[in-house]
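Participant: quick one: sequence plus predicted model below, questions after.
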Amino acid sequence: MRSIEMAIPELTEFYQSQRAAMVESQLRARGIRDQRVLDAMLRVPRHEFVAEQYRAQAYEDYPLPIGEGQTISQPYIVALMLEAVQPNPAGRALEVGTGSGYVTALLAELTAEVYSIERHALLARESGRVLKSLGYESAHVVLGDGTLGLPEHGPYDAIIVSAAGTEVPAPLLAQLGEGGRMIIPVGSQESQQLRLIEKKDGEARISLRELCRFVPLLSGVSDEHLQ
C-alpha cells in the first residue's frame with residue numbers, strides 16, 4: 001500500500017477498525033450476506049480513494065465528492081450492487097463509471113479481471129494511479145464512452161454501471177455473457193431504481209431492486225482531456 005498508513009501501525013489499526021465497523025453496522029446489519037463481498041470490503045482501503053480532506057469520513061455511509069461533479073457511492077449501495085451481480089472468481093467484469101476506482105478495486109478482489117471505463121480523463125488518470133499503487137494489476141482503467149462498453153474484452157460475467165441512464169444501453173446488454181448479471185440504475189434525475197439483468201438462453205431477464213440516486217450516465221468523453 002502506498003500511503004503513510006504503512007509506516008504508522010496505529011493508523012493501520014485505526015483504518016482496519018473503521019472498515020470492520022462499516023461492514024458490521026452498515027452492511028451485515030442491513031442484510032448483506034455474501035461473505036466474499038463482506039471480506040473484500042474489509043480488505044479494500046476506501047480512504048485511499050478519497051481526497052485527504054475527506055478521509056475522516058471515508059467509512060461513513062454516504063457518498064463523498066471526488067471531483068468533476070462525481071461522487072464515491074455510499075458503502076451500502078456498493079455492497080448491494082456487488083452482491084447482486086455475484087462476480088465469478090475466475091471471470092471478467094466490466095464497470096461503467098470508474099470514478100474514484102473504489103468499486104474497481106473491489107471487483108478486482110472478487111473476479112479475475114476487471115475493465116473499467118471512465119469518461120473524465122482526470123478521474124481515469126487518478127483512479128488508475130491509485131489502483132496501481134495498491135497493487136491491483138488485474139484492474140484496467142480505460143478512458144472512453146461507457147454507454148458503448150468495451151466489446152473487445154467481452155463478454156463479461158458481471159457488469160456494474162455506476163451512473164443512471166433513462167434506459168439500459170443496448171451495447172452493454174450485448175456484451176453481457178450467457179449466465180452473466182448486470183446491475184444498473186435507471187430513471188430520471190429525480191427518481192431512479194436499480195435493475196438487475198440476468199442473461200439466460202440469450203434473453204435478458206429483468207428484476208427491479210432498490211430505489212437509488214446516481215449521477216447521470218452520459219455518452220461521449222469529457223473534453224477536459226483536451227485542455
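Facilitator: Arrived safely.
Participant: quick one, what contacts the residue most central in space within the chain?
Facilitator: The C-alpha lying nearest the average C-alpha coordinate of the chain belongs to Val103 (Cα atoms, centre = their mean; 2.8 Å). Taking Cβ atoms under 8 Å, 6 or more residues apart in numbering, we find Val103 in contact with Ser73, Val78, Met81, Leu82, Glu95, Ser116, Ile160, Ser162. Just so you know, the C-beta spots here come from the backbone N, C-alpha and C atoms, and that holds for glycine as well.
Participant: helix, strand, or coil at it?
Facilitator: Secondary structure, DSSP: H, G, I helix; E, B strand; the rest coil: Val103 is helix.
Participant: number of residues surrounding Leu143?
Facilitator: 17 (other Cβ atoms under 10 Å).
Participant: how close does it sit to Glu118?
Facilitator: 6 Å (Cβ to Cβ, to the nearest Å).
Participant: show me which residues of whichever helix or strand Pro171 is part of are buried.
Facilitator: In this assignment (DSSP states H and E), Pro171 forms part of helix 170-175. By neighbour count with 16 or more other Cβ atoms under 10 Å, helix 170-175 contains the buried residues Leu172, Gln175.
Participant: how about the helices of this protein, start to end?
Facilitator: For the chain, applying DSSP state H gives helices covering 9-22, 35-43, 75-85, 102-110, 121-133, 170-175.
Participant: remind me what the helix holding Pro171 packs against, helices and strands.
Facilitator: When contacts are defined as 3 or more Cβ pairs under 8 Å, 6 or more residues apart in numbering; DSSP states H and E, helix 170-175 packs onto strand 92-96, strand 156-161, strand 176-187.
Participant: state the mean pLDDT of that helix.
Facilitator: Helix 170-175 carries an average pLDDT of 97.
Participant: show me what it is in contact with.
Facilitator: 94, 96, 147-151, 154-156, 159, 161, 182, 184, 197, 199, 204.
Participant: against Tyr76, how distant is Lys31?
Facilitator: One correction, residue 31 is Gly, not Lys. 9 Å.
Participant: same question for His153.
Facilitator: From His153 over to Tyr76 (counting by Cβ to Cβ), the distance is 29 Å.
Participant: right, and Pro87 touches Leu107 too?
Facilitator: Yes: if you go by Cβ atoms under 8 Å, Pro87 and Leu107 touch, sitting 6.3 Å apart.
Participant: find residues that contact each of those two.
Facilitator: Ala93, Ala158.
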